[in-house]
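Chemist: Sequence below, structure please.
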Amino acid sequence: MEELEELRDRMERQRPVAWESFPDIGLYMDQVISYLPRQLVHYGEGDLLTSAMVNNYIKDGLLPRAEGKRYSKPHLGYLTAICVLKQVLSVKEISRLLTAGRKRKSSDEELYAYFCRKLDAALTETAEHIPTEGEDTDLPRLALDLALRSYADRLACQRVLDILAQRSPEPERSGRKRERGGK
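Modeler: Numbering: from 1, shown residues only. Sure thing, here's the model as predicted:
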């Protein structure tokens, strides 16, 4: 099937740029919004990123504040990861994951390189499970197979995130007050 061949090809080839390939100059918000979709494999599912989303990620502590009104390589790296991860995790879960990654004393560049290696492996593995030949009647089974793999991975991820939460306190959110009655 032509559509599956195209999907498989994109999943095998399309990757976020390497850290060194990020622009050397800071980008303004509108430039970031237009840059990020080129980092991801997607099929027009609406806005991948808006200025309101970026501002909320900053408020939630997922993303450092802009330097002036410009966003640098670390911002682009984190936003790339956030845009991918938000497809399967909540903002709270992404925050827990990024906080744990930062605690390992890795640089932003090292964290981004690790993210890219793991994304490459995941996309390649999934692409290998997509047949390029078949009948339309095979599509429901393929969709079910992929959904079940997603379920199993999500289940394992959720448990690992729960373990992380038990071992480390919740990060404080910058710019947000604690809710009344909260601990």
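Chemist: For the residue nearest to Tyr112 when sequence neighbours are not counted, the count of nearby residues, please.
Modeler: Using Cβ to Cβ, 6 or more residues apart in numbering and skipping residues adjacent in sequence, the residue nearest Tyr112 is Gly77, 3.8 Å away. Glycine gets a C-beta too; all of them are placed from N, C-alpha and C. By the criterion of other Cβ atoms under 10 Å, Gly77 has 23 neighbours.
Chemist: need the contact list for Gly77.
Modeler: Listed by Cβ atoms under 8 Å, 6 or more residues apart in numbering, the contact partners of Gly77 are 19, 22, 108-109, 111-112, 115.
Chemist: In which helix or strand does it reside?
Modeler: helix 73-85 (DSSP states H and E).
Chemist: Show me the shaky parts of this structure.
Modeler: Residues of the chain meeting the criterion pLDDT under 70: 44-45, 169-183.
Chemist: Going along the chain, name the helices of it.
Modeler: Secondary structure of the chain, counting by DSSP state H: helices at 2-13, 29-35, 51-59, 73-85, 91-103, 108-128, 139-167.
Chemist: Kindly compare burial across these and name the winner.
Modeler: Comparing the helices of the chain by mean neighbour count (mean count of other Cβ atoms under 10 Å), helix 73-85 comes out on top with a mean of 21.
Chemist: tell me the contacts of Asp153?
Modeler: Remark: with contacts taken as Cβ under 8 Å, 6+ apart, Asp153 is in contact with nothing.
Chemist: any idea how far Leu4 is from it?
Modeler: In this structure, Asp153 and Leu4 are 21 Å apart, going by Cβ to Cβ, to the nearest Å.
Chemist: quick revisit: render the CA-only coordinates of the helix holding Gly77 in PDB, please.
Modeler: Listed next in PDB are the C-alpha coordinates belonging to helix 73-85 (Å, rounded to 0.1, in the frame of the first residue of the first chain):
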ATOM      1  CA  LYS A  73      19.200  25.800  21.500                       C
ATOM      2  CA  PRO A  74      18.100  24.500  25.000                       C
ATOM      3  CA  HIS A  75      14.600  25.900  24.400                       C
ATOM      4  CA  LEU A  76      14.400  24.200  20.900                       C
ATOM      5  CA  GLY A  77      15.700  20.900  22.400                       C
ATOM      6  CA  TYR A  78      13.200  20.900  25.200                       C
ATOM      7  CA  LEU A  79      10.300  22.000  23.000                       C
ATOM      8  CA  THR A  80      11.200  19.200  20.500                       C
ATOM      9  CA  ALA A  81      11.000  16.600  23.400                       C
ATOM     10  CA  ILE A  82       7.900  18.200  24.900                       C
ATOM     11  CA  CYS A  83       6.000  18.100  21.500                       C
ATOM     12  CA  VAL A  84       6.900  14.400  21.100                       C
ATOM     13  CA  LEU A  85       6.100  13.400  24.700                       C
END
